[in-house]
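Trainee: all I have is the shape, not the residue letters:
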């Protein structure tokens, strides 16, 4: 069976700079799996998520990424999205004047159109949003407000998960989704994520802390350091890290 | 809906077969020779069968114009216009005036299809199918069709071409023409006063609320032709009217001049809402061709408690020079200006408003949203003034500029003059860019670059969009997206 995501010897630097940030990442994610990537600041975790989503500031100097067998790096960001790659942003971006609801509809219909599917009728769309929003405690008021403008930290993250629920991607990359969340918000967001786990979907959960992984229990844990994956293990690896810290791995790198 | 049917039938009546060369309508037209002279002014006046006083008015304007020079204070650069190399009068020669333009350039059709506008241009005039909009269409210099006239006349509303108004209601025209924008006002308005060949005339009697949107549709067709239309709108005491104005022109390599004048008079307790969607041909990618749009629009809140509200969406023209203004003469009168100005490619926009507070407790509000892309220049220029007797004058101004790319420019030039110490004027201004992060966020969710820009820009202008009549809101959102195509990537 084709892996959902296959990253082979990926080397990446910031465009116009010399420093390599990713220095040979190998990672294979199969359908239904949840992978956690942990690691200290500056280890390249967020860079990996941006490169997967196609952010322009990075340059791939070596290696390959296959998404459902296709060359991911050849695809534009919107093509990656339509093909089923979703990035939950660490810092969701504000779009003044655009109601969150409008944004959701534009995104969903753009993806459907790209896949050759019919656009959703407004009543069907509204029903779908309302259903999914309720589960994440996203209020009607929040849906009417401009995208991420004046959203609290918790609202922003719930907004990301709502988009994920609505767009039904094949692979979800969650970049420090736990940052800026209190315990209650963390639980709510985690429940939202867990509800989306399934045999047809894979996830990459990027985090500093083990606490998120108490809620979203991963199948595989990777430790990233200085642009490489330096250790891979089961969910117990996260607990080990919590105790011993990253120092041992940083040295190993 | 018989009224709608009336419009649709008028569309069908139009002799389509005579339009053969795409966008440009190939009909024989009657033109006065190129250039401007007293003879031309007399020719135009005679063609219209105008009364003697009208001819004298024109001639006086013409003589004055000869002594004037073009204003140079706007932030606009363009080669000197040769006013002797233009036709000042062009009219379709056919006895039955052409009324619509069906076989249009495929590129325009594609644009309209994108806009979701029904294909017959008359339907464009009518806004959305089924909408109740009465239309006066001005084709080059001559008004060709006015719809819904019968229904309007039941309410005592006069809506016709200004030529017709001069024949049928000379006393009204004589009383109000030039009373807001005098013939001596400025270079372009004076030129217009001398040579205007047609335009719309509206009179709303006391206490009447106009039951439908009124609309004028302007189109320049002929080569080397200046279009000088003149609109005069009078809202008598306690009346209300909402008026829409739409503009298109064929694509041509040479620049075409458009110098219109719009005058609005609002008497006691009257309210006028004037909306413009200006989509004249902006020129090609290299900046060749396009309309030079030098327009004087002014409303006079002559009566107490009167209100005039301008809403404009400016996406077209190579050059836009336009400052729809309000004279707040009546006590408690109110002026509003809501503007969206989009410039892309080589377009240049210098637009804004003047709010002249004369009466007591007058208020005004200015919301201007400028979007610049490509190598365009987009300037807001505005004046808010309170005269000595304008006790309690209030203004709120907000000017926001959005830049797309790094080769365009946005400029804000606000003038504020208060000669009365009780005046309260507020001014806010921002300049921002569409950030790479916003683009990435949108594209990560599946939007194309162009969809992302359109969405972000429509968010930026939302406050102004809300002031457009419903029929035009959706169309305008799409128009903005189309105007900005190719601005990223």
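Mentor: That came through, no problem. Just so it is clear, the structure is predicted and the values come from calculations on it, not from any experiment. Numbering: from 1, shown residues only, chains lettered A, B, ... in the order given.

Trainee: pretty sure residue A:107 contacts residue A:163?
Mentor: Yes. Using C-beta atoms under 8 Å, residue A:107 is in contact with residue A:163, at 6.9 Å. No exception for glycine: its C-beta is placed from N, CA and C like everyone else's.

Trainee: for residue A:219, give me its contacts.
Mentor: Residue A:219 sits next to A:33, A:34, A:35, A:234, A:235 when contact means C-beta atoms under 8 Å, 6 or more residues apart in numbering or on different chains.

Trainee: redo the residues you listed as TSV? Include distance to chain B, secondary structure and neighbour count.
Mentor: Converted to TSV, these look like this (distance: C-beta to the nearest C-beta, whole Å; DSSP: H, G, I helix; E, B strand; the rest coil; neighbours: other C-beta atoms under 10 Å in any protein chain shown):
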residue	distance to chain B	secondary structure	neighbour count
A:33	22	coil	20
A:34	20	strand	23
A:35	20	strand	21
A:234	31	coil	10
A:235	28	coil	16
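
Trainee: give me the lowest-pLDDT entry from those.
Mentor: Within the contacts of residue A:219, pLDDT reaches its minimum at residue A:235, with 89.

Trainee: contact partners for the residue nearest in space to the middle of chain B?
Mentor: Among the residues of chain B, the one closest to the centroid is residue B:276, at 4.9 Å (C-alpha atoms, centre = their mean). By C-beta under 8 Å, 6+ apart, the contact list for residue B:276 reads B:244, B:245, B:246, B:247, B:310, B:311, B:312, B:313, B:314, B:324.

Trainee: so how far is residue B:181 from the second one?
Mentor: Taken as C-beta to C-beta, to the nearest Å, the spacing of residue B:245 relative to residue B:181 amounts to 16 Å.

Trainee: which residue ranges of the stretch 101-250 of chain A form helices?
Mentor: Ranges of helices within the stretch 101-250 of chain A are A:122-135, A:140-144, A:153-167, A:183-195, A:211-215, A:236-244, A:247-252, based on DSSP state H, counting those that start in this stretch.

Trainee: show residues contacting the longest one.
Mentor: To tie it back to what came earlier, the one meant is helix A:153-167. Contact with helix A:153-167 is made by A:81, A:86, A:88-89, A:92, A:100, A:104, A:107-108, A:111, A:128-129, A:132-133, A:135-138, A:142, A:147-148, A:151, A:172, A:177, A:179-182, A:185, A:188-189, A:192-193, A:195-196, B:445-446, as judged by C-beta under 8 Å, 6+ apart.

Trainee: tell me the SS of the residue nearest to the centre of chain B?
Mentor: The three-state label given to residue B:276 by DSSP: H, G, I helix; E, B strand; the rest coil is strand.

Trainee: in the stretch 1-150 of chain A, which residue sits closest to chain B?
Mentor: Nearest residue of the stretch 1-150 of chain A to chain B: residue A:97, at 3.0 Å (C-beta to the nearest C-beta).

Trainee: what about that residue, how many neighbours?
Mentor: By other C-beta atoms under 10 Å in any protein chain shown, 19 other residues sit near residue A:97.

Trainee: neighbours of the closest residue in space to it that isn't next to it in sequence, how many?
Mentor: Among residues not flanking residue A:97 along the chain, residue B:459 sits closest, at 3.0 Å (C-beta to C-beta, 6 or more residues apart in numbering or on different chains). By other C-beta under 10 Å, 23 other residues sit near residue B:459.

Trainee: wait, residue B:459 sits on residue A:100?
Mentor: No. Residue B:459 lies out of contact with residue A:100 (C-beta under 8 Å); the separation is 11.1 Å.

Trainee: what do those two both touch?
Mentor: Counting by C-beta under 8 Å, 6+ apart, the common neighbours of residue B:459 and residue A:100 are A:146, A:147.

Trainee: thinking again about what came up before, quick one: the residue nearest to residue A:97 is in a strand?
Mentor: No. Residue B:459: not assigned to a strand; according to three-state DSSP it is helix.

Trainee: now, which of the contacts of residue B:276 lie within strands?
Mentor: Residues of these located in strands (DSSP state E): B:244, B:245, B:246, B:247, B:310, B:311, B:312, B:313, B:314.

Trainee: what's the closest of the residues you listed to chain A?
Mentor: Taking C-beta to the nearest C-beta as the measure, chain A lies nearest residue B:313 of the ones in strands among the contacts of residue B:276, at 15.6 Å.

Trainee: which bits of chain B sit near chain A?
Mentor: Contacts of chain B with chain A, taken as C-beta under 8 Å from any C-beta of the partner chain, map to B:435-438, B:440-449, B:451, B:455-456, B:458-463.

Trainee: show me those residues that map onto helices.
Mentor: B:436-438, B:440-444, B:449, B:451, B:455-456, B:458-460, B:462-463 (DSSP state H).

Trainee: who in chain A is up against chain B?
Mentor: Residues of chain A lying near chain B (C-beta under 8 Å from any C-beta): A:53-57, A:76-78, A:80-82, A:86-87, A:89, A:92-98, A:102-103, A:106-108, A:110-111, A:114, A:146-147, A:163, A:167.

Trainee: where does pLDDT dip in the stretch 101-250 of chain A?
Mentor: Counting by pLDDT under 70, the stretch 101-250 of chain A contains low-confidence residues at A:250.

Trainee: ignore the last one, chain B
Mentor: B:1-30, B:91-147, B:217-225, B:247-254, B:471, B:489.

Trainee: give me the distance between whichever residue of it sits closest to chain A and residue B:277.
Mentor: Residue nearest to chain A within chain B: residue B:459 (3.0 Å; C-beta to the nearest C-beta). The gap separating residue B:459 from residue B:277 is 19 Å, by C-beta to C-beta.

Trainee: with residue B:205 instead?
Mentor: According to C-beta to C-beta, residue B:205 and residue B:277 sit 28 Å apart.

Trainee: likewise for residue B:461?
Mentor: From residue B:461 over to residue B:277 the distance is 13 Å, taken as C-beta to C-beta.

Trainee: same thing with residue A:141?
Mentor: Note on residue A:141: its distance to residue B:277, by C-beta to C-beta, is 32 Å.

Trainee: so for the two, which sits in the more crowded spot?
Mentor: residue B:277 (22 against 8).

Trainee: verify the contact between that one and residue B:472 for me.
Mentor: Yes. At 6.0 Å, residue B:277 counts as touching residue B:472 under the criterion of C-beta under 8 Å.

Trainee: follow-up on the earlier one: the helix or strand the residue of the stretch 1-150 of chain A closest to chain B falls within packs against which elements?
Mentor: Element membership of residue A:97, judged by DSSP states H and E, is strand A:95-99. In terms of contacts (3 or more C-beta pairs under 8 Å, 6 or more residues apart in numbering or on different chains; DSSP states H and E), strand A:95-99 is packed against strand A:146-147, helix B:436-444, helix B:449-460, helix B:462-465.

Trainee: which one of those lies closest to residue B:237?
Mentor: Evaluated with C-beta to C-beta, the helices and strands packed on strand A:95-99 place helix B:462-465 nearest to residue B:237, the distance being 29.4 Å.

Trainee: contacts for the helix or strand that contains residue B:320, please.
Mentor: Using DSSP H and E, residue B:320 maps to strand B:319-322. Residues from elsewhere that reach strand B:319-322 (C-beta under 8 Å, 6+ apart): B:74, B:76, B:78, B:188, B:278, B:290-297, B:312, B:314, B:341, B:347-351.

Trainee: now residue 46: which helix or strand?
Mentor: No chain was given, so I picked chain A. Assessed by DSSP H and E, residue A:46 sits inside helix A:45-53.

Trainee: was after chain B, sorry
Mentor: Assigned by DSSP H and E, residue B:46 falls within helix B:38-47.

Trainee: helices or strands next to that helix in the packing?
Mentor: In terms of contacts (3+ C-beta pairs under 8 Å, 6+ apart), helix B:38-47 is packed against helix B:52-66, helix B:187-195.

Trainee: now mean neighbour count and distance to residue B:393 too, for those, in a markdown table please.
Mentor: Shown next, in a markdown table, are the helices and strands packed on helix B:38-47 (neighbours: other C-beta atoms under 10 Å in any protein chain shown; distance: least, C-beta to C-beta, whole Å):
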| stretch | mean neighbour count | distance to residue B:393 |
| --- | --- | --- |
| helix B:52-66 | 16 | 32 |
| helix B:187-195 | 25 | 26 |
